[in-house]
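In: Have a look at this fold, sequence not included:
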């Protein structure tokens, strides 16, 4: 460390490392530190200089260092009080990642030299520079491309994709398998376009780390919900440069006409528990970055810590990260993991929480697609339907009710009707429309659609937790045999059930969310918590089968029908104040005899049949949607005063005799009707 560096005061904004005409401006928030140091490294990772920051403004340390250039590796060290009871854990021995770094030298892997405390509970003074990734000075320009227009809300359909899982076994150049560039390969885009989905929802691609307990089991974090940095794309999915390759993926998907949103984890970080590693936020300002009380973290996420999004510095960090991903990386929106943590004030949730309001008033962020997971595990952590109306929300009540209906549970028909009509008990009429409900049957956490109809119990032994992890109540059924089988009767029943689930999802009011791979009948072998399975359990199998072809065709057909008839996504109800200046639609419920449902029909606990007619008063089109969940023959009659016109879709075969229809098995049907009153 012999070189002398010329410095100036620089500027406190923008935060991070910014290339200037003469060098690089460094600005880092660290309110309670007594001194912050900039550590410069050579390409071999040797620390060549340690420069004290010379100025501090409103909690931000800043200086400009002359003759530093693009590509320079650096880290931070912070001195200050080490007072665990006050949550101050400053320790100059620990090298820290710049929270605003746009590129990292390596992947973060836990090492004992990163730990916060020594054996006596004091500060651990082992130097961690050798085992912490270096931040890299980098200017990232936006990538020019043709960005498609935002899809209409009624035409939006979300397709959840894991970057590696989607491409690892796709028949493309092996170099592209498992990568950002594999996602935007010709074959991948061909499949996505043929499905007809509008929006690709990428699972987390922020730089992330494997949890210590997984390393001990020789497993790794596959899903990516364990971030170390909110700006840097993870290098696991890169061939050479994760930044430019991630940008290329997004740009190419845009060129193909897709909206692209990313699953973001702003609720916790990979620093985990207090006694784990100090690699970034904990060493810069633990008392402000994380929620705490009485010298302990408030672990509302179940991941060891939760980011304190009530602090102005953290609100700025999250919003700056979001703007970077929109303006520089090119995404169109975000799906927020454990979003209630983002909506907490000092402790409790509020739709007026400062981070939520900051997002909604931002001229850039407020125009993006915002999908909220509306819960965490803290007090008052279940808030479905309570977020500001610019957010659409994942609706687990839809998932559970639809699963119970098709499993044959009693007394579920009235709630099933509520869910398929947009859950207007949760997303209240006059304030939110049905499209605020993000409907789904399967998500990444839980069974795939194939496993939902094949397994009664979880099979998670591969996670090395003695099958104790994951949900115990999956609301699933196996049709008489647990797991895989070659029994043709069971396979036929399972395929029919999958088609009924897909048809219900894509013919329900609201915004549909589809788990990537369900159209391929992908199985995880009964594992309902495959977060640590980076192998063929989670990688999609693209081998063509009759089941995958039939399911893919089901998705394609129904998405096309949904786009042709927008009333299937959102009916304009006459008693909804949101639509007081529009011509309203009509919705009427019918029993199997073609008569309107009576109170006794709705109260029938064992009812297996339900249908409704959606009548569009603008186009004078009537659509009859039928749900039948038993496997006994049932004769149904066309609703009065209509006659049958066109069968638009059916999950199976049926017999038509005049205005009567005989169903042989469980079914979803969609007819276009003629009105006898015209």
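Out: Nice, I can see it. Only a predicted model underlies this, so the values are computations on that prediction, with no experimental measurement involved.
In: Three-state assignment for the most centrally placed residue in the chain, please.
Out: In the chain, the C-alpha closest to the average C-alpha coordinate belongs to residue 263, at a distance of 4.0 Å (Cα atoms, centre = their mean). Three-state call for residue 263 (DSSP: H, G, I helix; E, B strand; the rest coil): strand.
In: Which residue, neighbours along the chain excluded, lies closest to it?
Out: residue 335 (4.6 Å; Cβ to Cβ, 6 or more residues apart in numbering). For the C-beta atoms, the positions are set from N, CA and C on the backbone; glycine is no exception.
In: so how many other residues sit close to that neighbour?
Out: As a burial measure, residue 335 scores 24 neighbours (other Cβ atoms under 10 Å).
In: now swap in the one 4 residues further on and tell me
Out: Applying other Cβ under 10 Å, we find 27 residues neighbouring residue 339.
In: That one: what's it in contact with?
Out: If you count contacts by Cβ atoms under 8 Å, 6 or more residues apart in numbering, residue 339 has them with 267, 372, 373, 374, 375, 376, 387, 391.
In: Take the residues you listed and write them to JSON lines, including secondary structure and pLDDT.
Out: Shown next, in JSON lines, are the contacts of residue 339 (DSSP: H, G, I helix; E, B strand; the rest coil; pLDDT from 0 to 100):
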{"residue": "267", "secondary structure": "coil", "pLDDT": "98"}
{"residue": "372", "secondary structure": "strand", "pLDDT": "98"}
{"residue": "373", "secondary structure": "coil", "pLDDT": "98"}
{"residue": "374", "secondary structure": "coil", "pLDDT": "98"}
{"residue": "375", "secondary structure": "strand", "pLDDT": "98"}
{"residue": "376", "secondary structure": "coil", "pLDDT": "97"}
{"residue": "387", "secondary structure": "coil", "pLDDT": "98"}
{"residue": "391", "secondary structure": "coil", "pLDDT": "98"}
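In: Tell me the buried residues within these.
Out: Buried members of the contacts of residue 339, counted by 16 or more other Cβ atoms under 10 Å: 267, 372, 373, 374, 375, 376, 387, 391.
In: Three-state assignment for the residue nearest to residue 263, please.
Out: Following three-state DSSP, the label given to residue 335 is strand.
In: Begin at 9 from now on, thanks
Out: Will do, 9 is the new start, and the previous item becomes residue 343.
In: Surely it touches residue 270?
Out: Yes. Counting by Cβ atoms under 8 Å, residue 343 sits close enough to residue 270 to count as a contact (7.1 Å).
In: quick one: common contacting residues for the two?
Out: Common neighbours of residue 343 and residue 270 are listed as residue 209 (criterion: Cβ under 8 Å, 6+ apart).
In: Tell me the one among the buried ones among the contacts of residue 347 nearest to residue 416.
Out: Proximity of these to residue 416 (Cβ to Cβ) peaks at residue 383, which lies at 27.6 Å.
In: does the closest one have beta-bridge partners, and which?
Out: Beta bridges link residue 383 to residue 390, judged by DSSP bridges.
In: mind showing which ranges of this protein have poor pLDDT?
Out: Applying pLDDT under 70 to the chain flags residues 9-10, 685-686.
In: how about the helices in the stretch 409-558 of the chain?
Out: For the stretch 409-558 of the chain, applying DSSP state H, counting those that start in this stretch gives helices covering 421-428, 457-460, 496-514, 554-572.
In: show me where the stretch 9-158 of the chain has strands.
Out: Counting by DSSP state E, counting those that start in this stretch, the stretch 9-158 of the chain has strands at residues 15-16, 24-27, 31-37, 43-49, 55-60, 63-65, 68-74, 81-87, 90-91, 96-97, 143-144.
In: Those strands: which one's closest to residue 331?
Out: strand 24-27 (12.7 Å).
In: buried residues in stretch 542-551?
Out: 542, 545, 546, 547, 548, 550.
In: can you pull the contacts of the closest residue in space to the second one that isn't next to it in sequence?
Out: The shortest distance from residue 545 to any non-neighbouring residue, by Cβ to Cβ, 6+ apart, is to residue 532 (5.2 Å). The neighbours of residue 532, taking Cβ under 8 Å, 6+ apart as the test, are 455, 456, 459, 538, 541, 545, 546.
In: Return the member of those residues nearest to residue 244.
Out: Closest to residue 244, out of all of the contacts of residue 532 and judged by Cβ to Cβ, is residue 546, at 13.5 Å.
In: from what I can see the closest one touches residue 538, true?
Out: Yes. Here residue 546 reaches residue 538: they are 5.1 Å apart, a contact under Cβ under 8 Å.
In: What separation is there between the residue lying closest to residue 354 once chain neighbours are set aside and residue 426?
Out: Distances taken as Cβ to Cβ, 6+ apart place residue 318 nearest to residue 354, at 5.7 Å, with adjacent residues excluded. Here residue 318 is placed at a distance of 35 Å from residue 426 (Cβ to Cβ, to the nearest Å).
In: Check the gap between the closest residue to residue 547 other than its chain neighbours and residue 426 for me.
Out: Distances taken as Cβ to Cβ, 6+ apart put residue 176 closest to residue 547, at 4.2 Å, once the chain neighbours are dropped. Distance, residue 176 to residue 426, by Cβ to Cβ: 40 Å.
In: between the two, which one's more packed in?
Out: For residue 176 versus residue 426, neighbours defined as other Cβ under 10 Å are more numerous around residue 176 (20 against 16).
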